[in-house]
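# From the sequence below, what's the structure:
(chains A, B and C)
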Amino acid sequence: MSWTDERIETLRKLWENGLTASQIADELGGVSRNAVIGKAHRLGLKSRPSPVKTAEDNSEAKATPAKAGAERTARPAPVAKPAAPRVPTPTPAAKAAVPARPSAPAAPVSRTEPEASASVAAPAVPPAEARKPDGPRLVSIGPGGFIRQGPGDQQAPIPPAPPRRRVPAKPTPEMADKTSLLDLNDRICRWPMGHPGEPDFHFCGEAVNPGYPYCVDHCGRAFQAQLPRGTRRPPPPPPFGGPRVR
DNA sequence: CCCTGATTCGC
DNA sequence: GCGAATCAGG
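Residues are numbered from 1 along each chain as shown, chains lettered A, B, ... in the order given. This next block holds a predicted model:
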């Protein structure tokens, strides 16, 4: 597959949005993570916190001859590589294929800049009960606070891990008016609707509550007032009948 | 092991 | 220019 203007633009956007190279590769489809990184560098997009130390800010680096030899300026032994066509690992099925990883330690929030980052970054996926805006019951009672549910009361089953998509997301008619990952900017609500990987996964798309990454409605869901100190929260139901009383 | 981005270098 | 191979840190 070639780098059309469109694909390059997508790459740019996603890269600057803080998505990982793998995610971008998935999104584009037909390219590898390496291809994305390579292209990004060629485009001059580089520089994002890399796990690998680039700058030799170590003063000892110069002072250590042995280390200097291992430096990548001169590659030691390129050597002949016989037949080692790297097996591209067909489909590691049990991987999450989310556009914006919920678990995101990669939370792009901290990627760009501590300050203005909050608005641009893809958000962590909100608590499960909040993902269904039309759901009747709210279980969250505030930041970090959740009412324990009884055993028979569980609601979110196991999210089956969708396989990684190696094919470009086809714009379907019914998705035409939905807000896709690519449509996100700091002015529209990025509240996820549905689950990443589902065919109709999209984002809210309303105008944001100024200063927040969500619209007014979803700000209300994302940022719930803390209960006053000393407020007793309803005790969780004892598991399986609770402790024996004697 | 998995992931990440960076770099090199044959094509 | 492209991207697989490789490196190196987390």
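
# C-alpha only now, for contacts and for neighbours.
Noted.

# Skip the chain neighbours and tell me the closest residue to residue A:37.
Leaving aside its chain neighbours, residue A:37 sits nearest to residue A:21 (6.1 Å; criterion: Cα to Cα, 6 or more residues apart in numbering).

# Could I get the contacting residues of the one you found?
A:15, A:33-34, A:36-37 (Cα atoms under 8 Å, 6 or more residues apart in numbering).

# per-residue confidence for it?
You'll see residue A:21 listed with a pLDDT of 92.

# same thing with residue A:39?
Looking at residue A:39, the pLDDT reads 94.

# Could you name the helices and strands sitting against the helix or strand where it lies?
Here residue A:39, judged by DSSP states H and E, is contained in helix A:33-42. Using 3 or more Cα pairs under 8 Å, 6 or more residues apart in numbering; DSSP states H and E, the elements in contact with helix A:33-42 are helix A:5-16, helix A:21-28.

# Which positions within that helix qualify as buried?
Using 16 or more other Cα atoms under 10 Å as the test for burial, helix A:33-42 gives A:33, A:36-37, A:39-40.

# Mind putting those residues into a markdown table with distance to DNA strand B?
Formatted as a markdown table, the buried residues of helix A:33-42 follow (distance: Cα to the nearest atom of the strand, whole Å):
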| residue | distance to DNA strand B |
| --- | --- |
| A:33 | 7 |
| A:36 | 9 |
| A:37 | 6 |
| A:39 | 8 |
| A:40 | 7 |
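
# which among those residues gets closest to DNA strand C?
Closest approach to DNA strand C among the buried residues of helix A:33-42 (Cα to the nearest atom of the strand): residue A:39, at 5.3 Å.

# Against residue A:210, how distant is the closest one?
Distance, residue A:39 to residue A:210, by Cα to Cα, to the nearest Å: 35 Å.

# still on that earlier bit, output the contacts of residue A:21 as CSV; include the columns distance to residue A:214.
Shown next, in CSV, are the contacts of residue A:21 (distance: Cα to Cα, whole Å):
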residue, distance to residue A:214
A:15, 21
A:33, 30
A:34, 33
A:36, 30
A:37, 30
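
# Can you tell me which of those residues lies closest to residue A:183?
Among those, residue A:15 lies closest to residue A:183 (Cα to Cα), at 13.9 Å.

# For whichever residue of chain A sits closest to DNA strand B, give me its contacts.
Closest residue of chain A to DNA strand B, Cα to the nearest atom of the strand: residue A:20 (3.0 Å). The contact partners of residue A:20, taken as Cα under 8 Å, 6+ apart, number zero.

# hang on, the earlier thing: buried deepest among the helices and strands packed on helix A:33-42, which one?
helix A:21-28 (a mean of 22; mean count of other Cα atoms under 10 Å).

# Next, the angle helix A:33-42 makes with that one.
Using axes from the mean of the first three to the mean of the last three Cα atoms, to 10 degrees, the direction of helix A:21-28 lies 100 degrees away from that of helix A:33-42.

# quick one: helix A:21-28 near DNA strand C?
No. Judged by Cα under 7 Å from any atom of the strand, helix A:21-28 and DNA strand C are separated, with a smallest distance of 10.1 Å.
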